[in-house]
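# coordinates for the following, if possible.
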Amino acid sequence: MIQTIDYVKSLIREIPDFPKPGVNFKDITPLLRDKKAFQFVVDSIANYYVDKNIDIVVPIEARGYIIGSAIAYKLSAGVVPVRKQGKLPSEKLSAAYQLEYGEEILEIHTDLIKPGERVLIVDDLIATGGTAEATKRLVENLQGVVVGFAFIIELTFLNGYEKIKGYPYFSLIKY
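Residues are numbered from 1 along each chain as shown. Now for the predicted structure:
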């Protein structure tokens, strides 16, 4: 059993200048490969939200899918993925956002979150908060209730939490 956050953190490798010069990418794939670390991450996040009556987990493309689906399973919740523009086949709602190295558009199917459903938004990392905030807008435009956010990693020096201020959030590892 994993006993410390330090062990999990030791499995996150930093890739300098990816995807562009000046960005130090936090690669979670070694963490995902380690079954005990992966279980620890999923259990830690799910345990934080276990008593919040989550109906739907909304994981953000792409690494958010990996942990979000596992967290949804632990919480007995459904999964409604948020995807990058042009990937969803049915009627969708879009939201643009800025990230630390460009601009993107996220989309969600319009018929998969019902008014009043309690939603947990999940991603592997929060940096500037743009992705999380855009996803929040999508969920709320569909009249879902954002119960909180969950991340494996938070880059605190980028103050991304400011964009989701007023909402509960959980981040396991802070840089």
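# tell me where this protein has strands.
Ranges of strands within the chain are 13-16, 24-27, 56-59, 78-79, 83-84, 92-99, 102-109, 118-126, 145-154, 169-174, based on DSSP state E.
# and the contacts of stretch 94-109?
When contacts are defined by Cβ atoms under 8 Å, 6 or more residues apart in numbering, stretch 94-109 is touched by residues 19-20, 23, 58, 60-61, 80-88, 90-93, 127-128, 130-131, 133-135, 137-139, 141-142, 158. Where you see a C-beta, it was placed from the backbone N, CA and C, and this is true even at glycine.
# wait, Tyr169 sits on Val147?
No: Tyr169 lies out of contact with Val147 (Cβ atoms under 8 Å); the separation is 10.4 Å.
# tell me the buried residues in the top helix by length along the chain?
The longest helix of the chain (DSSP state H) is helix 35-49. Counting neighbours by 16 or more other Cβ atoms under 10 Å, one finds that the buried residues in helix 35-49 are Ala37, Phe38, Phe40, Val41, Val42, Ser44, Ile45, Ala46, Tyr48, Tyr49.
# and what of stretch 11-24?
For stretch 11-24, burial by neighbour count (16+ other Cβ under 10 Å) applies to Leu11, Ile12.
# got the end-to-end distance for it?
Taking Cα to Cα, to the nearest Å, stretch 11-24 runs 15 Å from one end to the other.
# what about Leu120, how many neighbours?
Neighbour count for Leu120, taken as other Cβ atoms under 10 Å: 28.
# ok, so what distance separates it from Pro168?
Remark: distance between Leu120 and Pro168 (Cβ to Cβ, to the nearest Å) = 10 Å.
# kindly report the same for Ile28.
22 Å.
# same drill for the two, tell me which one is more crowded.
Ile28 (23 against 14).
# OK, contacts around that one?
Leu11, Ile12, Arg63, Asp124, Leu125, Ile152, Ile153.
# least confident pick among those?
Among those, Arg63 has the lowest pLDDT, at 94.
# once you drop chain neighbours, what's closest to that one?
Distances taken as Cβ to Cβ, 6 or more residues apart in numbering place Asp124 nearest to Arg63, at 3.9 Å, with adjacent residues excluded.
# which residues does the most centrally placed residue in the chain contact?
Nearest to the mean C-alpha position of the chain, by Cα atoms, centre = their mean, lies Asp123 at 1.4 Å. Asp123 makes contact with Pro59, Ile60, Arg63, Gly64, Gly68, Thr131, Ala132, Thr135, Phe149, Ala150, Phe151, according to Cβ under 8 Å, 6+ apart.
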